[in-house]
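Engineer: Got a predicted structure here, sequence first:
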Amino acid sequence: MKLRIAVIPGDGIGKEVVAEGLKVLKKLEELSRVSFEFKEYPFGAEHYLKTGETLPDWAIEEFKKFDAIYFGAIGDPRVKPGILERGILLKMRFELDLYVNLRPVKLYHPRLTPLKGKNKIDIVFVRENTEGLYAGAGGFLRKGTPQEIAVQEMINTRFGVERVIRFAFEYAKRSGRKKVTLVDKANVLTYAHDLWERVFAEVSQEYDLETDHYYVDAMAMKMIRSPESFDVVVTPNMFGDILTDLGAEIVGGLGIAASGNINPETTGMFEPVHGSAPDIAGKRIANPLAAILSASMMLEYLNLEKESKWIEEAVKRAIAENKVTPDMNGNLKTYEVGDWVVKFLEVVA
Ligand code: NAI
Ligand code: MG
């Protein structure tokens, strides 16, 4: 089976961690029947500073012909905040209509959590990725005056809410999970999240799955107190953004947080949750596990379940044997962790 993957390493540690992800994927070609054709794209800060181009429309069209996009991170202190994020990341999410942001929060080893006595955390967040407060609707009135008004509108369409909730239920069913939890703030956001609650109740009727509900503030507490009680969680854009950072922190931090930007009808994009980390870029200490686990998610999504599991197992081994970078209290370099994962891949495959 041949897979065509568009690769955008991006900036800073994006380049360093994507190199390790590709190393792991290439190893799979030896161990299984999968083969890859990678095409690398230069988009990011350097390219922008040289050409003024962020992400051209032709590239979006080209991406649609790939099986998946593998992305590192963008961002550079020399570029004004927002330009690359909006011009590259958000553009990709919106133009490809990648309405699901899938973010697993999984504890691979008890020593990685700051929560005392917790050893089983395995939550999958399904975050709405195209609407809500991040849709970019709003504006200023009397900008720069004492009477200034700034409005940021929260967009919730029946269509958008239903498709992401349906995805959560389908995902739970397909992956043998038992429960779907809705997180909202319907007690205060009485219109927008009332819609979420009604659609959730409706869609849940079609599935033989347990359901549950939390307001977002209570959810923040519950995730610390008893994270083991969650399975699949579906939530609007902003709450998903915040809760998944909290989630990352209770299972080992940004260095291990993977994600997928998905629309089952088009090409998905897989990326570590972290950014380009200019503070450690070039020092060869970036944790490549988030990028490697994102590659594993990509394969699962492309129905290469077995190969996906191998990568996950190899990562688990690397963590268990402390073959990790300083952010996880190890003393290895980025590429050394990649080498170990490759080595463990041979063992588990
Ligand atoms: P960041 O995620 O780049 O870094 C936050 C902190 O976590 C830093 O101290 C960094 O050293 C550490 N860190 C992150 N990833 C790590 C890894 N793999 N291993 C070890 N330590 C790691 O977020 P920050 O500093 O807020 O943003 C830096 C740049 O990245 C900005 O330009 C921002 O806009 C951009 N960004 C891009 C994202 C993307 O491409 N998806 C996501 C988040 C930020
Ligand atoms: Mg975030």
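Structural biologist: Looks like it came in fine. Numbers count the residues shown, from 1 in each chain. Ligands and ions are numbered 1, 2, ... in the order given.
Engineer: C-alpha only now, for contacts and for neighbours.
Structural biologist: Noted.
Engineer: Contacts only, for the nearest residue to Phe66 once chain neighbours are set aside.
Structural biologist: Excluding its sequence neighbours, the residue lying closest to Phe66 (CA to CA, 6 or more residues apart in numbering) is Arg4, at 5.3 Å. For Arg4, the contact set (CA atoms under 8 Å, 6 or more residues apart in numbering) comprises 36-39, 66-68.
Engineer: same question, Arg317
Structural biologist: Neighbour list for Arg317: 341, 344 [criterion: CA under 8 Å, 6+ apart].
Engineer: What distance do you get for it to ligand 1?
Structural biologist: Going from Arg317 to ligand 1 by CA to the nearest ligand atom, to the nearest Å gives 18 Å.
Engineer: Next: His109.
Structural biologist: The gap separating His109 from ligand 1 is 17 Å, by CA to the nearest ligand atom.
Engineer: between the contacts of Arg4, which is nearest Ile285?
Structural biologist: Closest to Ile285 out of the contacts of Arg4 is Phe38 (25.0 Å), distances taken as CA to CA.
Engineer: Centre of the chain to stretch 145-165, how far?
Structural biologist: Remark: stretch 145-165 is offset 22 Å from the chain centroid, using CA atoms, centre = their mean, to the nearest Å.
Engineer: ok, what's across the strand from the residue sitting nearest the centre point of the chain?
Structural biologist: Closest to where the C-alpha atoms of the chain average out (CA atoms, centre = their mean) is Ser259, at 2.0 Å. Per DSSP bridges, the residues bridged to Ser259 are Glu271.
Engineer: Tell me which residues touch it, please.
Structural biologist: Contacts for Ser259 (CA under 8 Å, 6+ apart) come out as 101-104, 270-273, 294, 297.
Engineer: cool, and Thr266?
Structural biologist: By CA under 8 Å, 6+ apart, the contact list for Thr266 reads 64, 96, 98.
Engineer: In what element of secondary structure is it found?
Structural biologist: Following DSSP states H and E, one finds Thr266 outside all helices and strands.
Engineer: What count of nearby residues applies to the closest residue to Asn129 other than its chain neighbours?
Structural biologist: Sequence neighbours aside, Tyr99 is the residue nearest to Asn129 in space, at 4.6 Å (criterion: CA to CA, 6+ apart). Residues contacting Tyr99 under the criterion other CA atoms under 10 Å number 25.
Engineer: go on, Tyr191?
Structural biologist: As a burial measure, Tyr191 scores 11 neighbours (other CA under 10 Å).
Engineer: just Leu96 next, same as before
Structural biologist: Other residues within reach of Leu96, judged by other CA under 10 Å, total 21.
Engineer: Could you do Arg103 as well?
Structural biologist: Here the number of neighbours of Arg103 (other CA under 10 Å) works out to 27.
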